[in-house]
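**Q** Provide a 3D model corresponding to the input given below.
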Amino acid sequence: MGAVGRAARPARTPPAARPRRGAATGVGPRPGSARPAFLDELSRAHHARLARCIILSGNINDLFPLPDGDAVRFVALDALLRHAFWHARYPTTGAEVRFIVASLRSDGIAFASERDRATLAGLADALRPAQPDLAADLATILKEVATERASSLVTLTLVAELLRLVSRVRARGVPVRPLVVVVDQAESLLPAGDAPHLAPLDREAVKVFSDLLRDDGIWAEAETADVYPDVIVLLTATAAELNRKIAPLPKTVHVTVPLPDEATRVAFVRSRLAGLGAPFVELAPGYALERFVTDARGLTVRALDDLLTAARRDPSAFSIDRAAIVEAVNTILQERLGPIIKLVDPDHGMEEVVGFRRLKARLAALRRRFDDPDRAPAGITVVGPNGSGKTFMLEAFARDTDRTVITLSQIRSEWYGKTDVFAEMFEAGVAAFGRILILVDEAHVAFGSIHSRDTHETEARLTRHMIQMIDDLSYRSRIVWALITTRPDLLDPDFVRAGRCSLFVPVFDPEGDDAREFAAFVVRRLAKAGIRLTAAERGLLTARTAGFSAGDYREFADDFADERAFDRSVTLARFLDGWTPSSVSLARERESQILLAALHCDWPELLPERLRDVPKDRLREAIDALRVRLA
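**A** Model prediction:
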């Protein structure tokens, strides 16, 4: 392959091939058409910022709306980009400009159409009489492009030579249409990793690409802004999988492709239902289209298409109802992020929560703060002993406040060594759900402390990413974090400082009227199992269950119902004598957890009666004494 030279600075495109001075040079929409918002962001990056390289990451494998006359088609990203670059409009002139579109794929370089290839081939023919050197170089590149599949380094080098050659041609006053090169699976071409750990070909690919973007002589600058800038578009699911040397390169811009918004989901579902023909896909009785689309937050258009297709082809096995949508969303989330994340659809609200009257009143007031972005805290820390009902209470709170519940667990083990990838995918995933409550179970072990010498750097980076997301003011009110823990003393102080999850909400075992309400709950639950208690037995139940946790009450009711079904002679008194609540079996552990919750409690009226007047120093002494005994 012949060497291709470089020009000091690209010449201005002749008037016949450029818009009037001041025209926008972005990939603009047709007037009045609706299109994905990320294309507008791409346009601004290309025109206003003269981006040389645009990284497109996120939901890149989905389908996107493309106006087609009076209708809208849904197409893959490559077709959407192809159409956008073939029909670029410049606001000042209103004229269309057709880019030459090429793609770099695993099988080499391919032009988007024969017309794109023919444009360059015709340019080579036109150059031959007066510019034989340029014509020969261009013909050589086109010949190499047409050959068999080559290594990624060879194809990347060809792209670099083509862009430099186009710059030389323009420098000699020959007009050339703007060129865009779309690099698919860019993370495999420019993989993440430090140079010493990369394969030799990968190191060389990063160097070739870096040299290309740093070559100021071939790219448009402010004084040559009326030139149609060439551009490279890198496609990758997560930008974190790209080599970290790419993002800081000159004129490199990152644009995120989000999950479809509600308007897009509505448009697709209506279009798909109308186009399926008879027999039509029917939603489950009482399940309205609006509810279906709302529940589908977090689903891609392709996932929606799969659901509708399956429901039409095999309606007996696949129904379109809330349960099916929640299952589909969980499948998608876990495919992206593994088992650490789960979407929960609570079937209970605060009305179904037994007892906790004072806590309910406090949460009702807190709801008003969460609904006000100017006053909403980033989150809360929920403390209390095992079995006290912390998660159950939060799920009910989320349902009543119309929030989607997302749970996180085992983050450190699942994504060890992939911190940046996880953080990017997690933020992109949860941001699609609108109003959400993120429950972090066992929060004291979920994240590594950024202050501990024992915390690996990858864990510390994950913690910093989560803290940055908690601090993001654009998420206030929309995303609420709830750190659930029995050990608030082990929480990283950066999570619970002012402005983050600094409000400590305690959930203690029921007592007084709350305990009596739980005993009545047991009576009702036993009645459903066919067990009717006498007045004396109800009194005995109330007296003997004092000190039970919320979980103990439910478990006791179910255990007694099972035992009575097995042996009709078992009495309530006899079963109570043999049944051990967690307050006994885990007495020391739970007492330590109760004292820790009391020490950190921000709502003192919720404290157990015996601890309301105990000074903080006494609580600390009691905690230290218990730790010695537990050790």
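
**Q** check contacts around the closest residue to Arg525 other than its chain neighbours.
**A** Leaving aside its sequence neighbours, Arg525 sits nearest to Ala557 (CB to CB, 6 or more residues apart in numbering; 4.2 Å). For glycine as for every other residue, the C-beta is placed from the backbone atoms N, C-alpha and C. Applying CB atoms under 8 Å, 6 or more residues apart in numbering to Ala557 gives the contacts 521-522, 525-526.

**Q** Just say helix, strand or coil for Val253.
**A** Here Val253 is recorded as strand under DSSP: H, G, I helix; E, B strand; the rest coil.

**Q** what are the bridge partners for it, then?
**A** Beta-bridge pairing for Val253 (DSSP bridges): Ile54.

**Q** Which pLDDT does the model give it?
**A** In this model, Val253 is scored at 96, pLDDT.

**Q** That one touches Cys53, doesn't it?
**A** Yes - using CB atoms under 8 Å, Val253 makes contact with Cys53 at a distance of 7.4 Å.

**Q** so the residue nearest to Arg525 is in which element?
**A** In the assignment (DSSP states H and E), Ala557 maps to helix 550-566.

**Q** Quick check: what element follows that helix along the chain?
**A** Criterion used, DSSP H and E; the element after helix 550-566 is helix 572-578.

**Q** which of the residues in that following helix are buried?
**A** 572, 576 (16 or more other CB atoms under 10 Å).

**Q** Give me the distance from that helix to the chain's centre.
**A** Mean-position distance between helix 572-578 and its chain equals 50 Å (CA atoms, centre = their mean, to the nearest Å).

**Q** one step back: what's the distance between the residue nearest to Arg525 and Ala482?
**A** Noted for Ala557: a distance of 27 Å to Ala482, by CB to CB, to the nearest Å.

**Q** What of Leu153?
**A** 49 Å.

**Q** quick one, which of the two is more surrounded?
**A** The neighbour comparison of Leu153 against Ala482 (other CB atoms under 10 Å) goes to Ala482, with 24 against 17.

**Q** Is that one in a helix, a strand, or coil?
**A** Here Ala482 takes the strand state, with states given by three-state DSSP.

**Q** What separation is there between it and Ala428?
**A** Distance of Ala482 to Ala428, given as CB to CB: 21 Å.

**Q** With Leu359 instead?
**A** From Leu359 to Ala428 the distance is 34 Å (CB to CB).

**Q** Show me which of the two is the more surrounded one.
**A** Neighbour comparison, Leu359 and Ala428: the larger count goes to Leu359, with 22 against 19 (by other CB under 10 Å).

**Q** Return the distance of the more buried one relative to Glu517.
**A** In terms of CB to CB, Leu359 sits 13 Å off from Glu517.

**Q** what's the spacing between stretch 392-408 and its chain's center?
**A** 18 Å.

**Q** State the helix or strand in which the residue most central in space within the chain lies.
**A** The centre of the chain sits closest to Gly429, judged by CA atoms, centre = their mean, with a distance of 1.7 Å. If you go by DSSP H and E, Gly429 is part of helix 419-430.

**Q** Average pLDDT for that helix, rounded please.
**A** 72.

**Q** Ok, stretch 623-631 next?
**A** In the prediction, stretch 623-631 has an average pLDDT of 86.

**Q** mind pulling up the phi and psi values for Cys601?
**A** Backbone geometry at Cys601, expressed as degrees, to the nearest 10, gives phi -60, psi 130.

**Q** What of Gly58?
**A** Phi and psi for Gly58, reported as degrees, to the nearest 10, are phi 110, psi -130.

**Q** With adjacent residues omitted, what lies nearest to it?
**A** In space, Gly58 is closest to Val257, 4.0 Å off (CB to CB, 6+ apart).

**Q** Leu611 too?
**A** Ala598 (4.8 Å).

**Q** So the one you found is in contact with Leu619, correct?
**A** Yes - counting by CB under 8 Å, Leu619 is a contact partner of Ala598 at 5.9 Å.

**Q** neighbour count winner among those two?
**A** Ala598 (24 against 18).

**Q** mind listing what the more buried one touches?
**A** Counting by CB under 8 Å, 6+ apart, Ala598 makes contact with 506, 607-608, 611, 614, 619.

**Q** in this structure, what spans have low per-residue confidence?
**A** Residue ranges of the chain with pLDDT under 70: 1-33, 90-94, 148-150, 222-228, 276-282, 337-339, 410-420, 448-459.

**Q** per-domain residue ranges of it.
**A** 27-239, 262-320, 350-506, 509-631 (automatic domain parsing).

**Q** Redo the ones you listed as TSV? Include distance to Glu335.
**A** TSV is the format used below for the domains of the chain (distance: least, CB to CB, whole Å):
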stretch	distance to Glu335
domain 27-239	12
domain 262-320	10
domain 350-506	10
domain 509-631	32
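
**Q** quick one: the strands in the stretch 151-300 of the chain?
**A** 179-183, 231-236, 252-257 (DSSP state E, counting those that start in this stretch).

**Q** Take the contacts of Ala557 and write them to CSV, including secondary structure, neighbour count and distance to Arg164.
**A** Shown next, in CSV, are these (DSSP: H, G, I helix; E, B strand; the rest coil; neighbours: other CB atoms under 10 Å; distance: CB to CB, whole Å):
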residue, secondary structure, neighbour count, distance to Arg164
Phe521, helix, 17, 77
Val522, helix, 24, 80
Arg525, helix, 17, 77
Leu526, helix, 21, 82
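
**Q** closest to Phe575 among those residues?
**A** The closest of the contacts of Ala557 to Phe575 turns out to be Leu526 (CB to CB; 11.0 Å).

**Q** ok, now how distant is the closest one from Val353?
**A** In terms of CB to CB, Leu526 sits 19 Å off from Val353.

**Q** ditto for Arg105
**A** 55 Å.

**Q** now do Gly108
**A** Per CB to CB, Gly108 is found 62 Å from Val353.

**Q** Give me the neighbour count for the closest residue to Arg357 other than its chain neighbours.
**A** Setting aside the residues directly before and after it, Arg357 is nearest to Asp514 in space (CB to CB, 6+ apart), at 6.5 Å. Neighbour count of Asp514, defined by other CB under 10 Å: 18.

**Q** before we move on, what SS does Asp514 have?
**A** When classified by three-state DSSP, Asp514 comes out as helix.

**Q** quick one: it and Ser388 touch, right?
**A** No - taking CB under 8 Å as the definition, Asp514 is not a contact partner of Ser388, at 11.5 Å.

**Q** what's the burial count for Thr264?
**A** 23.

**Q** ok, it touching Thr300?
**A** No - Thr264 is not in contact with Thr300 according to CB under 8 Å; the separation is 10.2 Å.

**Q** just the helices in the stretch 151-300 of the chain please.
**A** With DSSP state H, counting those that start in this stretch, the ranges of helices along the stretch 151-300 of the chain come out as 152-171, 186-189, 200-214, 262-276, 289-295.

**Q** Output the contacting helices and strands for the longest one.
**A** Contact analysis of helix 152-171 by 3 or more CB pairs under 8 Å, 6 or more residues apart in numbering; DSSP states H and E lists strand 100-105, strand 108-111, helix 132-146, strand 179-183, helix 186-189, helix 200-214 as its packing neighbours.

**Q** Can you tell me which of these is most buried?
**A** strand 179-183 (a mean of 24; mean count of other CB atoms under 10 Å).

**Q** relative orientation of it and strand 100-105 in degrees?
**A** Strand 179-183 and strand 100-105 meet at an angle of 20 degrees, taking axes from the mean of the first three to the mean of the last three CA atoms, to 10 degrees as the criterion.

**Q** tell me what strand 179-183 is packed against?
**A** Against strand 179-183 (3+ CB pairs under 8 Å, 6+ apart) you get helix 77-86, strand 100-105, helix 152-171, strand 231-236.

**Q** Alright, calling it a day.
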